[in-house]
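> pasting a predicted model and its sequence here:
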Amino acid sequence: MNIIEAENLSYRYPASDKAILDGLTLTIEKGDFLAIVGNNGCGKSTFCKTLNGLIPHFITGEFKGSVKINGHDTKTMTVSELAHMVGYVYQDFDNQIVRPTVLDDASYACLNYAYSDYLSRGKEALKLCGLQNKEKDYVFELSGGQTHLLALAGALALNPEVLILDEPIAQLDPGHADLIYGILKELNEVHGKTIIVIEHHSEYIAEYCHHVVLLKDGKCAFKLPTKEALNHVEELKEANIFVPQVTRVAYALKSRGYNWDRQLPISRDEGLEYFKGMDFWPNEKPASFKRGEVIVDFDHVILGYRTMSKKRHVVFKDLNLKIYEGDRLAIIGSNGAGKTSLLKMLVGLSKPLSGSLKIMGKDTSAYKPQDFAEYVSLVMQNPEQMFIADSIASDIAFAMKARNISDYEEKTAELLEAFELTALQNRDGRLLSGGQMRRASLAIGVALNPEILLLDEPTANLDMATRKEIMDTLSRMQDIIKTAVIATHDMQLVAEWANRIVVLHDGEVIADGDRDSIFADQRVIEEIGIRPPAVFDLAKELKADNRIYTVEEFVKQARV
Amino acid sequence: MTKKLSTNILDKLSIDYLRNQVLKNAYGNLDTVIAKRDPRVLLIWYLFFGLVPWFVDDLYFLMACFVLVLVTTYLAKITALVLFVFAIGVFSQSGYLFIVSLFFGGDVNTLIPLLILTLKVSTCSLASITVFSGLDPDRLANGLMWFNFPERLSFSISYAYRMLPLLMSEFQNVLLSFRMRGKAPSSEGFKGKVQYLIYQVKMIMQSFYPLMLNVAKRSRTTVEALEIRGYRNAATSKEVRKLKLADLQFTYDDALFIALSILWITAILLIKR
Amino acid sequence: MENTQTQANQSQKLMIFVLSMALYGLATLFTELIPSFQVGIVELSVEFFLFIPLTLAMLFDPLSAALGAATGEVVFSEIMLGQFGGLGELEKFLTVTIGVYVAGRMVKDPRNMKQVAVAAITGTALQLAMGMIVDICKVEFAIEEFEAVAGLPESVYFTEGFAFLNDLLFSGILFCLLPTMFLVPRLYGKIEPLLGMEPRTEKTYLGDINFKTVIVLIVGFALALVSQMAAESGMTLIEWEFAWAESFESIIFGIFAAAVLAVVALLVLRRKQNKVSE
């Protein structure tokens, strides 16, 4: 039975001259777990908003065609009627939570629709999302992952048959991402909900979704079972979706004639079967690099702060870490391990309680953040936070201008050119696309030509194509910036970019080495729950001494 | 003064501290005698002690009220920040008038009416602190709703507390960018202090440009989500109102609170006789 | 679709309300903490961040921006910090709303800097002038022998008058006019799409301020003033002046006795209840 039927659906936003949905026809079956993929601006979110009636009831614009939920036309229903059928979790889910406490927010919709048992309905929803012991907590005490679960509970409370999630794991670390999808899976299988996700993480699509819909230019390009869909490698690539690594490897080898008649594998297990018996060339020797002078020296640093309940929270008990010129250092570790605190100390936003932090041999205890800025520059996780002026050109120029650098105009022009932003220089950073935003934030970061560049989660929240673009930019930047530190959960980035990896756990450095030593260290991997790139595991499984980190390396080392 | 100013605005006052104090004040002391009161009782209580002293000049009565609100403020376990703001408020409302009146030929006689004025201001302020800071914001919002205040106000109160941490971190991030990338003038000497102050003020003003855009993005999602979650349905529905107000309960303790307040005031008035 | 249209307009208004409330509320939370802007004898009563609602009112629906800002101030700086001043807040609420609303209505085209400047300073002046009048009345009511105290009336008039001029010419220009002129052109065309709206043009402009609006505004201000007076006259009616007539004294005693009885009775009842619940 079809729960959703969209027919010849067209929609144009007010104040826009192009239709974002243009004759879209699509049916979704009851009980499906469906991924919607497509380029930025292909109408994914817009389509989902036609399902819960925000379009056309709440957002005006030109609406043609029809959408039926459970056989009812959305045009003839009200938003509140639709809210009982379709739940929606936004990408910026933080802003859809409007009440200060957990249970309050989960039961908010039920209260508003005058269910006298609103509290027990809220509790029920929280239980489904694994938040049952957080009922009395305040929203500001929750972690990012828990906040997302709360937004999900809020949408579930009205017991809708359909659940829509816009990029549910974009802002989460892998542990929380698994948790979310685990819950979605249960909702789908045990409670019979129809789940629709807008998603570009193809590994998750492969593992959890039954069908994939590709939207293109406001139309449905295809709707296929997941495995078949992920075999459309090129078509998906055009839509900025990179299929799982194992699929990419198989696809690349296919052009060399390997398994040319078989469907591509989409999961690790399928991959093991598909590549069974494959032989590999020996590993290449890791490129050696010369370690330079000490630039940063944390010497017996203790760092702590007071929490709201006046307890002292100690982040670092005794931190000793040296960063050398030429380091491309990745700092990894679970949430709360101290990654962000480390970066904050390096830009002077927090000061050690005792011990010393030396930068370029100079003690920094009397420095203000602006003094640090001469040596260290931080690119924040959310690029929007770096835009303080009204155009990216003036944002790039901002720090140079403040320091009376005489040729700042020329330097700004050079940076705009180097980061391919010249054509966009007069636009406001916030109004750019995700990739352009990131590039602009990197350009701002290197404007003062710092000794060290710090990057906080530079690839979080990006689709695969943009991610690749940023990776390319990062490697090109090595000419400009010699030393860089990245704090990240993205092991793919770590494996491809870093020449040194430091693992933090509970404020202590528990491992420090190159990728071969870190990823081979089972103790570290288990203790902090890091997940090496899929292709690394696959290769190791196929041949124990394989040290392969990227699709390209795999293809190169495979003896086909 | 300039020195005080420049150190006050940003260096000493950390935004974290401010946020923690406000949230702690709202949610940190939910088990006090005051926080447990029926919000309707407290609002009526406030209607008396927040307004009547303003119109009465009897010193005994004012002292009685003042002592009472002092006790309730103590009972409500108000945070330091709120008391600090209270002190500023009292001074700026009446303290400076005294100095001015001296210039126009006033003398010690001027002092007495002004002292009375100060007493009035303090009493009304402490009464409002007791009620508005002592109560959990959601209970306050429900209490106001019971008295038929616009629904938009009740919503704004609880939403503001949800929003505050988000707004603060947004503001903090913007300021952070300014502090890392900007360069403050040296604050040496008087001229330097003035320049430093101007720089800080300019920075705060400018920070509202990104802030406005960032918050605009957020409020769009919020309002859409509110629509889905039935906010507008609730605003007009009588049933929802009933549900929301269902947990307002008038207890013996509430009656006792009122009775004791009356007892104290009348006792003082009788003693005066 | 008629219905849909108005729903959408309502949603846009709610967005502006929320935006204005959040931003201005946050800003006033900070100003509440800045004590030292009391330069010597003169209290600078200017709303340092009035430029926020002014800007929003010029770009979007003026009434939502104005009401949002006024609500934001009440909620963030008055209620959160417990500084709610009763009727005095109603006055501030109304003067801020009126000032911002008028300024917002005056701007036909936010790209026209002259219009923006004139509107910003008019709105500020209006808000300050209304505040001054109410302030003077407030002190007169509060101090019974206002006229009798040597030097007091003059000092109040002088302070308030001086503060008004100073606020308008110094802080008004510095904190309201200049930031508004800085922000409006920069935000124009950028902030509207984020809220899914079209920028204001001469076409979408609400129309000139007409007679009816003026009447409503005057009534609003009168309400602000009357909110003080009404309470005062109500009090004198029930003889709050404590004439200490015999009957009054016995009334007080009666209340006292009743309160004693009530306290005793309640304590007993409470104990009973506690026993039952145990």
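Sure thing, it's come through. Residues are numbered from 1 along each chain as shown, chains lettered A, B, ... in the order given.

> can you get me a residue count around residue 137?
All of this refers to chain A. 15 (other C-beta atoms under 10 Å in any protein chain shown). C-beta here means a position set from N, CA and C on the backbone, and glycine is covered the same way.

> oops, wrong one, chain C.
Count around C:Cys137 with other C-beta under 10 Å applied: 16.

> same check, this time on C:Ile255
16.

> and if you look at A:Glu409?
13.

> hang on, it packs against A:Ile396?
No - because the distance of 10.5 Å does not satisfy C-beta atoms under 8 Å, A:Glu409 is recorded as not touching A:Ile396.

> list phi and psi for A:Lys322.
Main-chain torsions, A:Lys322, degrees, to the nearest 10: phi -110, psi 140.

> bridged to it, which residues?
A:Asp297 (DSSP bridges).

> how many residues are close by it?
Neighbours of A:Lys322 (other C-beta under 10 Å): 14.

> which residue ranges make up the domains of chain B?
Domain assignment for chain B by automatic domain parsing gives B:1-30+B:137-236, B:31-135+B:250-273.

> how about the shortest one against chain A, any contact?
Spelled out, that is domain B:31-135+B:250-273. No - Domain B:31-135+B:250-273 lies out of reach of chain A by C-beta under 8 Å from any C-beta of the partner chain, never closer than 11.0 Å.

> how far does that domain sit from the chain's center?
14 Å (C-alpha atoms, centre = their mean, to the nearest Å).

> equivalent analysis for the longest one, please.
A distance of 14 Å separates the C-alpha centroid of domain B:1-30+B:137-236 from that of its chain, computed with C-alpha atoms, centre = their mean.

> now stretch A:56-63
Stretch A:56-63 sits 30 Å away from the centroid of its parent chain (C-alpha atoms, centre = their mean).

> list the buried residues of it.
A:Pro56, A:His57, A:Phe58, A:Ile59, A:Thr60, A:Gly61, A:Phe63 (16 or more other C-beta atoms under 10 Å in any protein chain shown).

> and for A:Gly277, the neighbour number?
Residues near A:Gly277, counting by other C-beta under 10 Å: 5.

> against C:Arg186, how distant is it?
64 Å (C-beta to C-beta, to the nearest Å).

> report how many residues lie close to the residue of the stretch 1-150 of chain B found nearest chain A.
Using C-beta to the nearest C-beta, the closest approach of the stretch 1-150 of chain B to chain A is made by B:Asn20 at 4.7 Å. For B:Asn20, the neighbour count with other C-beta under 10 Å is 21.

> for the most centrally placed residue in chain A, give me phi and psi.
Nearest residue to the geometric centre of chain A (C-alpha atoms, centre = their mean): A:Asn461, 2.9 Å. Dihedral pair for A:Asn461: phi 70, psi 20, per degrees, to the nearest 10.

> ok, now which ones touch it?
A:Ala170, A:Gln171, A:Asn382, A:Gly434 (C-beta atoms under 8 Å, 6 or more residues apart in numbering or on different chains).

> contacts only, for the last one.
To tie it back to what came earlier, the one meant is A:Gly434. A:Asn40, A:Asn461, A:Leu462, A:Asp463, A:Thr466.

> which members of those are the farthest-apart pair?
A:Asn40 and A:Asn461 (12.5 Å; C-beta to C-beta).

> pretty sure A:His211 sits against A:Ala229.
Yes - counting by C-beta under 8 Å, A:His211 does reach A:Ala229; the two are 7.4 Å apart.

> neighbour-wise, which of those two wins?
A:Ala229 (25 against 20).

> go through the helix or strand hosting the more buried one and flag the buried ones.
Element membership of A:Ala229 [criterion: DSSP states H and E] is helix A:226-230. Of the residues in helix A:226-230, A:Thr226, A:Lys227, A:Ala229, A:Leu230 count as buried by neighbour count, 16+ other C-beta under 10 Å.

> mind checking how far the third one is from A:Glu238?
Same thing as A:Ala229. Counting by C-beta to C-beta, the gap from A:Ala229 to A:Glu238 is 14 Å.

> any weak-confidence spans in the stretch 1-150 of chain A?
Residues of the stretch 1-150 of chain A meeting the criterion pLDDT under 70: A:15.
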